[in-house]
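Student: this one's sequence-less:
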């Protein structure tokens with residue numbers, strides 16, 4: 001008989017508890033928890049490739065690595081947007097799309113309207129987002145170099161070989177090698193993860209404080 005997926009192991013360290021860090025009464029914080037998980041999974045996979053890539057596993061694993069990274073960014077963006085909308089008194093949560101570049105630009109405007117991230121210092125905020133913006137712009141340029149503002153049309157480049165118009169993604173349109181430096185990726189991902197986690201935690205803490213005052 002096949003053991004059920006959602007079941008206990010006698011060794012507590014061999015169990016994953018899906019609702020220990022999440023809470024049905026904290027939807028914004030739940031998004032932060034899941035985003036952290038996607039970032040950690042991407043970094044762990046990349047580090048495994050750095051430890052031993054003799055079998056060239058990175059050539060296949062890079063796709064889930066990049067998907068997890070982009071999805072983590074999307075989750076953090078939606079969390080931050082949701083918190084800022086509450087703090088700014090807007091009756092909305094976040095945009096229902098996968099446009100990580102467009103969503104970031106929207107969030108950045110909201111941050112400017114409300115205050116500058118962790119510590120509210122503009123210079124610190126600008127330094128903190130350098131890697132994030134460089135990554136988003138590079139991804140967007142590669143997947144839609146003719147119009148960077150429409151990059152969200154091809155954001156599934158790491159999930160499928162074709163877009164929804166049955167066109168090859170950028171890495172299949174060329175005979176030249178399209179390469180990701182895994183070591184550099186880990187540095188970028190750690191930086192971006194720390195940046196978004198700080199922003200998400202900062203604004204959510206302010207939301208919780210505002211609720212406590214009511």
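Tutor: Here it is on my side, so go on. Predicted model only: the values in this text are computed from it and were never measured.
Student: grab the nearest non-local neighbour of the residue nearest the centre of the chain.
Tutor: Centroid-nearest residue in the chain: residue 73, 1.8 Å away (criterion: CA atoms, centre = their mean). Excluding the flanking residues, the one nearest residue 73 by CB to CB, 6 or more residues apart in numbering is residue 100, at 5.1 Å. In short, each C-beta sits where N, CA and C put it, glycine included.
Student: sorry, back to before: quickly find the element holding the residue nearest to the centre of the chain.
Tutor: Here residue 73 sits within helix 58-88, counting by DSSP states H and E.
Student: residue 178 is in contact with residue 169, isn't it?
Tutor: No. Between residue 178 and residue 169 there is no contact under CB atoms under 8 Å: 9.6 Å.
Student: out of these two, which sits in the busier spot?
Tutor: residue 169 (18 against 12; other CB atoms under 10 Å).
Student: okay, and the helix or strand of this structure with the least pLDDT?
Tutor: Here the helix or strand of the chain ranked lowest by mean pLDDT, DSSP states H and E is helix 122-128, holding a mean of 84.
Student: mind giving me the packing neighbours of it?
Tutor: With contacts defined as 3 or more CB pairs under 8 Å, 6 or more residues apart in numbering; DSSP states H and E, helix 122-128 has these neighbours: helix 182-213.
Student: quick one, phi psi at residue 95?
Tutor: Dihedral angles of residue 95 (phi, psi; degrees, to the nearest 10) stand at phi -80, psi 140.
Student: look up the closest residue to it, ignoring the ones flanking it.
Tutor: Leaving aside its sequence neighbours, residue 95 is closest to residue 103 (6.1 Å, by CB to CB, 6+ apart).
Student: re the thing from before, downstream of the least confident helix or strand of the chain, the next helix or strand is which one?
Tutor: Taking DSSP H and E, what comes next after helix 122-128 is helix 130-143.
Student: now do the buried residues in that following helix.
Tutor: Neighbour counts over helix 130-143 (16 or more other CB atoms under 10 Å) mark 131, 132, 133, 135, 136, 139, 140, 142, 143 as buried.
Student: and the contacts of it?
Tutor: With contact meaning CB atoms under 8 Å, 6 or more residues apart in numbering, helix 130-143 is reached by 70, 73, 100-101, 104, 148, 151, 154-155, 157, 169-170, 188, 191-192, 195-196.
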